[in-house]
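In: Everything below, folded, please.
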Amino acid sequence: MPDVLKQTPLHDRHEALGSKMTDFGGFDMPVQYDSIIEEHHAVRGQAGLFDISHMGEIFARGPQAFDFVQHLVTNDASTLYDGRVMYTAMCTPEGGVLDDLVVYRLAEEEYMLVVNAANIEKDFAWMQSCNEAGAELENASDETALLALQGPRSFEILSGLTDAPVEKLSFYHSLDVPGGAFFGSERATLSYTGYTGEKGLEIYCDAERAPAVWDAILEEGEDRGLKPVGLGARDTLRLEAGLCLYGQDLTEETNPIEAGLGWVVKPEAGDFVGRDTLKKLKEEGPRRKLVGFVAVERGIPRHGQALLDANEEEIGTVTSGTQSPVLEQGIGLGYVPNAERFTNEGSTVKVQGRRRTLIAEVRNTPFYK
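Out: As a prediction, this is how the structure comes out:
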């Protein structure tokens with residue numbers, strides 16, 4: 001844990017709302033403002049506003065920007081066009097996941113790569129080491145704020161605050177609002193993306209303009225059931241949606257194929273870092289797989305607990321676990337051997353709790369859609 005935690009541009013707003021704070025990725029971040037369950041249900045039913053300004057934004061620019069991105073990530077950057085967004089992974093030559101990230105093509109010679117908070121410095125150094133193409137790289141994380149407005153009423157709320165045609169955005173597309181037209185931000189990017197399994201928007205703007213954006217959204221959504229939401233509900237929401245968390249479900253010791261992310265690995269795209277290893281894994285199959293499971297008796301799976309077979313022999317580890325507010329059951333993700341008796345939907349595994357084992361059933365994700 002760092003001696004001094006970083007703060008987002010909205011730190012004062014969180015304190016004023018009485019949020020419980022915690023260290024996350026080296027940042028002092030809000031866990032919850034009120035009840036995690038209430039915040040969770042607000043996003044599922046109406047809308048929730050998240051401060052995710054701890055995330056990192058790295059820009060690649062110039063005539064070599066495309067070649068740089070194509071070499072760096074596992075997905076195919078040639079499918080991108082202005083305003084198109086892509087989820088992908090960045091891997092070691094051995095196939096380990098250095099980070100999962102989102103890539104925006106903002107213009108023909110400009111890309112924005114959005115990385116996880118704890119990995120910003122590591123990722124930027126890795127990108128510089130992989131920049132044989134000679135793209136112009138800029139780490140703009142400190143100057144950029146990021147808010148997520150998620151839930152069924154999110155587009156309705158933001159449409160009341162901007163003339164930008166957000167209601168016309170398709171999933172994994174973005175639009176730029178230049179020239180100070182969005183709350184005086186010199187540049188703003190609005191995208192139909194998110195980490196909750198709900199329809200929603202992510203809003204990139206100048207860091208100094210973030211408080212004005214935050215205040216306006218909360219005011220606009222006050223009569224529409226909007227709540228500020230912390231990391232607690234962000235985690236339960238993403239797990240119900242079956243989405244991976246870097247540092248738990250994804251690490252340098254895991255690869256995208258075993259994590260169920262083979263769809264973001266495109267060996268035909270070119271010679272990206274880790275291509276040969278991942279191509280072989282994709283063709284031959286991994287030795288283990290990340291599966292979802294639901295507790296069939298009372299209990300909550302927790303990160304780090306052992307997964308057992310019918311004979312209570314250890315076969316894997318819970319990477320993520322929680323109580324699902326919607327299902328009202330314990331749910332989790334974990335790696336098990338790549339064998340049908342462990343990976344087929346309906347298979348039974350056991351979770352080694354502190355006092356007893358918990359029976360769980362393998363389920364396809366998302367748990368909630």
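In: Next secondary structure element downstream of the helix or strand where L237 lies?
Out: Here L237, judged by DSSP states H and E, is contained in helix 231-240. Past helix 231-240, further along toward the C-terminus, the next helix or strand under DSSP H and E is helix 275-284.
In: wait, doesn't M127 sit right on E136?
Out: No - using Cβ atoms under 8 Å, M127 makes no contact with E136, being 11.6 Å away. Placement of C-beta: from N, CA and C, glycine included.
In: shared neighbours, these two?
Out: A60 (Cβ atoms under 8 Å, 6 or more residues apart in numbering).
In: These two: who's more crowded?
Out: M127 (21 against 15; other Cβ atoms under 10 Å).
In: List the residues that contact that one.
Out: Per Cβ under 8 Å, 6+ apart, neighbours of M127: 58, 60, 68, 72, 113, 137.
In: ok so, going back, which strands or helices does the helix holding L237 pack on?
Out: Packing partners of helix 231-240 (3 or more Cβ pairs under 8 Å, 6 or more residues apart in numbering; DSSP states H and E): strand 27-32, helix 36-45, strand 314-324, strand 329-337.
In: what about the residue lying farthest from the centre of the chain, which SS state?
Out: Most distant residue from the mean C-alpha position of the chain: N311, 35.5 Å away (Cα atoms, centre = their mean). Counting by DSSP: H, G, I helix; E, B strand; the rest coil, the backbone at N311 sits in coil.
In: Mind pulling up the pLDDT for it?
Out: On pLDDT, N311 comes in at 93.
In: Find the residue closest to the residue sitting nearest the centre point of the chain in space, skipping its chain neighbours.
Out: Centroid-nearest residue in the chain, with Cα atoms, centre = their mean: Y195, separated by 5.1 Å. Leaving out its chain neighbours, the residue that sits closest to Y195 by Cβ to Cβ, 6 or more residues apart in numbering is R238, at 5.1 Å.
In: Wait, the one you found touches G197, no?
Out: Yes - here R238 reaches G197: they are 7.3 Å apart, a contact under Cβ under 8 Å.
In: now the angle between helix 36-45 and the helix or strand containing L201, please.
Out: Assigned by DSSP H and E, L201 falls within strand 200-206. Orientation check (axes from the mean of the first three to the mean of the last three Cα atoms, to 10 degrees): strand 200-206 against helix 36-45 gives 100 degrees.
In: quick revisit: who wins for proximity to K282 among the helices and strands packed on helix 231-240?
Out: Closest to K282 of the helices and strands packed on helix 231-240, according to Cβ to Cβ: strand 329-337, at 17.3 Å.
In: what sits up against the helix or strand that the closest one is followed by?
Out: Sequence order places helix 340-343 as the next helix or strand after strand 329-337, per DSSP H and E. Applying Cβ under 8 Å, 6+ apart, the external contacts of helix 340-343 come out as 289, 291, 309, 315-316, 336, 347, 349, 362.
In: Among the residues you listed, which pair sits farthest apart?
Out: K289 and D309 (14.6 Å).
In: quick one on the thing from earlier: quick one: residues in contact with the helix holding L237.
Out: Residues outside helix 231-240 that contact it (Cβ under 8 Å, 6+ apart) are 22, 24, 29-32, 36-37, 39-40, 43-44, 48, 50, 52, 150, 195-198, 245, 320-327, 331-333, 366-368.
In: now stretch 67-81
Out: Outside stretch 67-81, the residues that reach it (Cβ under 8 Å, 6+ apart) are 60, 66, 86-91, 101, 103, 105, 111, 113, 127, 130-135, 137, 256, 264-266, 268-275, 278.
In: Just the CA coordinates for it, please, in CSV.
Out: Extracted C-alpha coordinates of stretch 67-81, given in CSV (Å, rounded to 0.1, in the frame of the first residue of the first chain):
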residue,chain,number,x,y,z
ASP,A,67,0.9,-0.3,-36.4
PHE,A,68,1.7,0.2,-32.7
VAL,A,69,-1.8,-0.8,-31.5
GLN,A,70,-2.0,-3.8,-33.8
HIS,A,71,1.4,-5.1,-32.5
LEU,A,72,0.5,-4.4,-28.9
VAL,A,73,-2.9,-6.0,-28.4
THR,A,74,-4.5,-9.4,-29.2
ASN,A,75,-7.6,-8.1,-31.0
ASP,A,76,-7.7,-6.8,-34.6
ALA,A,77,-7.3,-3.0,-34.7
SER,A,78,-8.0,-3.1,-38.4
THR,A,79,-11.7,-3.5,-37.7
LEU,A,80,-11.8,-0.1,-35.9
TYR,A,81,-12.9,3.1,-37.5
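In: Many thanks, we can stop here.
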